[in-house]
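1. Kindly generate the corresponding structure for this input.
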Amino acid sequence: MRPERRRAASHSSANLIEFSALRRERLAHREVLPTGLLLKRSFSRMREVSATIPKFVGDEKQTRRYFVSGIVQGVGFRFFVQREAEKLHVGGYTRNLFDGRVEVLAIGSPEQLEAMKRALERGPRFSRVSGVREEEAQHSPQYAKEFVIEPDA
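-> Got it, this is the predicted structure:
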């Protein structure tokens with residue numbers, strides 16, 4: 001019995017995969033004979049079972065670059081960004097810029113990147129974020145699997 005994979009129509013922003021498979025079902029049939037004896041017969045039949053589950057593997061990855069301005073250097077902002085990225089399973093890097101901003105390159109699904117942007121706008125305890133500028137960036141495979149703190153630029 002091999003499951004058949006079909007792509008379901010996506011509802012809003014959720015990616016779904018529909019699985020369909022055949023399942024053997026054991027059934028019991030009881031019959032009372034005219035003599036009063038109980039006759040049990042068991043047989044099996046095949047039944048189709050399907051389920052729809054969220055798609056996790058192979059989500060399209062996007063790369064975004066964020067420039068965070070405000071009081072964001074000297075307050076642990078890069079370490080905060082790294083912790084948030086690890087929680088969200090986002091790849092990329094963060095570094096301080098000489099003009100006082102922090103640059104963040106993030107690689108992930110659109111939902112992960114949106115959560116990352118919200119975290120950047122919030123910032124750590126002693127920071128004051130005045131703005132987060134977002135732009136598309138070229139994919140960097142070297143940062144796809146982990147999030148690191150790079151030297152200042």
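2. how about the helices in this structure?
-> Using DSSP state H, the helices of the chain run over 77-88, 110-122.
3. Which residues does the last one contact?
-> Looking back up the chat, that one is helix 110-122. 13, 60, 62, 64, 66, 68, 80-81, 84-85, 88-90, 104, 106, 108, 129, 132, 134 (C-beta atoms under 8 Å, 6 or more residues apart in numbering). No exception for glycine: its C-beta is placed from N, CA and C like everyone else's.
4. So which bits of that helix are buried?
-> For helix 110-122, a neighbour-count test (16 or more other C-beta atoms under 10 Å) marks 112-113, 115-117, 119-120 as buried.
5. can you list these in JSON lines and add distance to Val148?
-> JSON lines is the format used below for those (distance: C-beta to C-beta, whole Å):
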{"residue": "Gln112", "distance to Val148": "17"}
{"residue": "Leu113", "distance to Val148": "17"}
{"residue": "Ala115", "distance to Val148": "19"}
{"residue": "Met116", "distance to Val148": "15"}
{"residue": "Lys117", "distance to Val148": "19"}
{"residue": "Ala119", "distance to Val148": "17"}
{"residue": "Leu120", "distance to Val148": "17"}
